[in-house]
Each structure stands twice: as C-alpha cells, then as structure tokens.
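*Asks:* Kindly generate the corresponding structure for this input.
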Amino acid sequence: MKTGGFLRAIIGISLAVLLTGCSFYDIPDGQIPDPYEGVVTSRFHTDEEMRDRMAKDVSKNQGEPLTIGLSQIGSESDWRIASTASVQAAFSSENGYNLIFDDAQQKQENQLKALREFIDQNVDYIILDPCVETGWDSVLKEARDAGIPVIVYDRRVAVEDEGLYSVWIGSDFNLEGERACKYLDEFLKLKHVKSNINIVDIQGTIGATAQIGRSAALEKAVMLNKNWFLLERVSGDFTEAKGGEVMEDLLESFGDTINVVYCENDNMALGAIEKLKSKGYRVGSDIDKGEIAVLSFDATRRGLEHTLNGDIVVNTECSPLYGPVLTHIVQALKNGEEPEHDIYIDEEQFATESAIGMIHIGNDSYEVKNLTQEIIDGRIY
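*Replies:* As a prediction, the model looks like this:
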C-alpha cells in the first residue's frame, strides 16, 4: 500500500530539525567510523537537549535487529564524514539495527563489490550513496532478485528500471546551482557591477549527481547572462587538496582575469581560497576593485565560517544528516508501506549581504539567510 501522511509528516519533521541552524547531532561512543577516528570528533559537538530531540526522531526497530548494509563513497569532505556519522549513529545497536559499513574510497568498483557482499550476507536492507550515477543496473537487479530492498540517498543512480531501488532521497542539486547563480546575479546588480564577469568552475567528481546538477545550473546561467563568461571548468573531486591544485592551474592560465570562482562544495572552496591568498590574490565581494568572489555549496561549519568572514560570497546548503530519516524509510518498508519513490529535501542558503533577503526562480521564492555566528554555533558539521 502507499504510505500515508504519517511517514511523509515524520520525514518532514525530521528534516526540519536536521536542516535548521540549530541542528546538532550526538554521536554515541563507538559509533564513529574507525577510518575517521581523530577527525570526526574535532568537527562535531553534542548538546543534551538536542540529543533527546534527535532520539525521538530516530525510528527504532522493535524485535529482531535488522541488518543494514551501508555503502558509502568515502571520506573526501567534511560533508561526507558528517553523512557517515549521522547514518551510523541512527542505525546503532541501541536502536535495534546491525549496521555493516563499507568505505569505498571514492571508487565505484569498491561499491559494486560491497553491494555484492551485502547480498551474499543476506542483509535486510541496503543503503547506497553512489559514487557516480551510471553502472548500477546489474548489481541492483541482483539485490532485487535476492529480495533485498535498496535505498539510494544523496546522489542518484541512472538505471533503465527505477523499480530496481525502493526509494531515493536527496537534494535538488540543479536547484542548488540555480539558487547560487541567481544570488550572484542579484549580488552583481546590488553592487552595480556592469563589466564582463569571468567565471571558473571547480567541479565535483565528474558523473556525480551533485556535479551534474550544479554544473548544469551554471552553464544555463552563463547562457542567460550575456556578460558572463565561463573561462574553464575542471574537476576538483570534491576534495580540499585537489581544489587548491586546480585553483593554482587556473591562476596560471587566467590570472587576474578571473572574477568569480564557482566551487561545487566547501572543501574545494577552502582549498581554492587558500591557494588564491597564497598567490597574493584578494578574495571578497568587491569585484570592481579586483577581489575574486567565491561561491560555494554544502554550508558546512567551516564553509560558513569563511562565508561569515567574507571569503565566500554565498553558501548554498546541502545537508548530510540523513540518518534519522533513513530509519523511518526502513521502518515504512518493513511495515509493507510504499514511500514516495523520490523525496527531495528542503535546504537553506546563507550570505552576509543582508540586502538580499530573497531570490526568485520562476514562480518560486527562496530566502537567503543573513548569516550570524549564532547560526554557525548551532551546526554540527
């Protein structure tokens, strides 16, 4: 049967808590993935009140523990680390789950191997955050033939038969890109910038859903704005180190002709900013006076800190905290319900330019939150 309003309401409530500026998430002892020991702990903090609230948002499993196989892309960014920690905390043994975690180290072949191992182990459910969109048909058919439901989250899979997986939940990455580009358009008008705007795009992993959507949005915006020029687009693989390397190459090619750096996640933006500053370039919002404007995505704690200090002009959110919502989807499937096949989450946008409080895309309006230290202090990741 189709899931009723209850599951949809629970998902909405959970995401509302997760996506607000006060979204702490407690990580119980023993739930942090071993590969991230000493890294995750420095970027997360806890709050007893929020821990109690989050405990209510997790759908605990009653009866025999459910075995969940989680194939995660890797640990290339703050976002990814937070995503893994959220899912591990939600699917804890205390909540009635047995979670088998596999880190693919950003290689699809490792994810394919992990999914087949999950099938051999006869897990109850598989949760997949796919490295790239294509190449999943065969292994998902194997999972379906074995009677194991697959939940895809964050990035999408492109398969001939969408019935090969039960649910996808994630962000509208194209809309994220459109919101960033629309903000840039409004920002340039606010600053009375009428000169040509030269843009470089530091893309994510090529073929990843986030890269496809955010890159496409920029390409469309450049086509619509006659004085915008896309000088180059090159992948930084969503990592801080690669973001810096790519930025150095772009500076060698284009130097001070660059006006805007469109970074498809925070870690690449931080790497690019560090490289720009080390090479003597000024980062900020005053394009007419030679500053280079950086746009970013994810709205991680470190990304927002650089937004507040003016290094990043606008930061468009992509929340990684899916754990509690995924538990509700698992429980709905366990109860024989059919959740909506595609679930988009609502996300926010942050800037320190208080004069732009709202942007409009088509018939829809989106708030741009005036970033404060209080908002940053309220975030976990």
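*Asks:* Neighbours of the residue nearest to residue 135 when sequence neighbours are not counted, how many?
*Replies:* Nearest residue to residue 135 in three dimensions, chain neighbours excluded: residue 108, at 6.1 Å (C-beta to C-beta, 6 or more residues apart in numbering). All C-beta atoms are positioned from the backbone trio N, CA, C, and that covers glycine. Residue 108: 16 surrounding residues under other C-beta atoms under 10 Å.
*Asks:* is it true that residue 108 touches residue 132?
*Replies:* Yes - between residue 108 and residue 132 there is a contact under C-beta atoms under 8 Å: 5.8 Å.
*Asks:* now the residue most central in space within the chain: how far from residue 253?
*Replies:* Residue closest to the mean C-alpha point of the chain, counted by C-alpha atoms, centre = their mean, is residue 318 at 4.0 Å. Note on residue 318: its distance to residue 253, by C-beta to C-beta, to the nearest Å, is 29 Å.
*Asks:* likewise residue 244?
*Replies:* 15 Å.
*Asks:* and if you look at residue 341?
*Replies:* From residue 341 across to residue 253, the span is 43 Å (C-beta to C-beta).
*Asks:* do residue 67 as well
*Replies:* From residue 67 over to residue 253 the distance is 51 Å, taken as C-beta to C-beta.
*Asks:* In terms of packing, which of the two has more residues around it?
*Replies:* residue 67 (17 against 13).
*Asks:* thinking that one is in contact with residue 123, fair?
*Replies:* Yes - under the criterion of C-beta under 8 Å, residue 67 makes contact with residue 123 at 4.5 Å.
*Asks:* And the strands in the stretch 151-300 of the chain?
*Replies:* Using DSSP state E, counting those that start in this stretch, the strands of the stretch 151-300 of the chain run over 167-170, 197-203, 228-235, 260-263, 293-298.
*Asks:* List the buried residues of stretch 238-257.
*Replies:* 238-240, 242-248, 250-251 (16 or more other C-beta atoms under 10 Å).
*Asks:* And these, which two are furthest apart?
*Replies:* 238 and 251 (20.3 Å; C-beta to C-beta).
*Asks:* Tell me which helix or strand the residue nearest to residue 176 when sequence neighbours are not counted sits in.
*Replies:* In space, residue 176 comes closest to residue 316 once its chain neighbours are excluded; the distance is 4.9 Å by C-beta to C-beta, 6+ apart. Per DSSP states H and E: residue 316 is located in strand 314-317.
*Asks:* Mind listing the strands that strand pairs with, and their directions?
*Replies:* Strand 314-317 has its sheet partners listed here by DSSP bridges as strand 293-298 (parallel), strand 349-351 (antiparallel).
*Asks:* what sits against the residue lying closest to residue 107 once chain neighbours are set aside?
*Replies:* With sequence-adjacent residues excluded and distances taken as C-beta to C-beta, 6+ apart, residue 107 is closest to residue 131, at 6.9 Å. Counting by C-beta atoms under 8 Å, 6 or more residues apart in numbering, residue 131 touches 73, 104, 106-108, 111, 155, 205, 208.
*Asks:* from those, which is closest to residue 301?
*Replies:* Using C-beta to C-beta, those come closest to residue 301 at residue 73, 20.4 Å.
*Asks:* how is the protein carved up into domains?
*Replies:* The record's domain parsing of the chain by automatic domain parsing lists 5-171+320-346, 173-318+350-377.
*Asks:* and the strands paired with strand 314-317 as TSV, adding distance to residue 199 and mean pLDDT?
*Replies:* Formatted as TSV, these follow (distance: least, C-beta to C-beta, whole Å; pLDDT from 0 to 100):
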stretch	distance to residue 199	mean pLDDT
strand 293-298	9	97
strand 349-351	18	97
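*Asks:* Which one of those strands lies nearest to residue 307?
*Replies:* Of all the strands paired with strand 314-317, strand 349-351 comes closest under C-beta to C-beta, at 5.8 Å.
*Asks:* Just after the closest one, pick out the following helix or strand.
*Replies:* Taking DSSP H and E, what comes next after strand 349-351 is strand 358-361.
*Asks:* Can you name every helix or strand that the very next helix or strand once past that next one contacts?
*Replies:* Downstream of strand 358-361, the next assigned helix or strand under DSSP H and E is strand 364-367. Judged by 3 or more C-beta pairs under 8 Å, 6 or more residues apart in numbering; DSSP states H and E, the packing partners of strand 364-367 are strand 358-361.
*Asks:* Excluding its own residues, what touches the strand it packs on? List them.
*Replies:* 175, 178-179, 182-183, 186, 349, 365-368.
*Asks:* among those residues, which two are most distant?
*Replies:* 175 and 186 (16.1 Å).
*Asks:* wait, what's in contact with residue 330?
*Replies:* Contacts of residue 330 (C-beta under 8 Å, 6+ apart): 59, 61, 66, 68, 125, 151.
*Asks:* hang on, the fifth one packs against residue 69?
*Replies:* Yes - under the contact definition of C-beta under 8 Å, residue 125 touches residue 69, with a separation of 7.3 Å.
*Asks:* can you give me the helices in the protein?
*Replies:* In the chain, the segments counted as helices under DSSP state H are 5-19, 48-57, 78-90, 108-120, 137-145, 173-190, 209-224, 240-254, 266-278, 301-308, 323-334, 373-377.
*Asks:* now the strands of the stretch 151-300 of the chain in a markdown table, with distance to residue 118?
*Replies:* Shown next, in a markdown table, are the strands of the stretch 151-300 of the chain (distance: least, C-beta to C-beta, whole Å):
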| stretch | distance to residue 118 |
| --- | --- |
| strand 167-170 | 17 |
| strand 197-203 | 30 |
| strand 228-235 | 29 |
| strand 260-263 | 34 |
| strand 293-298 | 28 |
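*Asks:* This completes my enquiry, with thanks.
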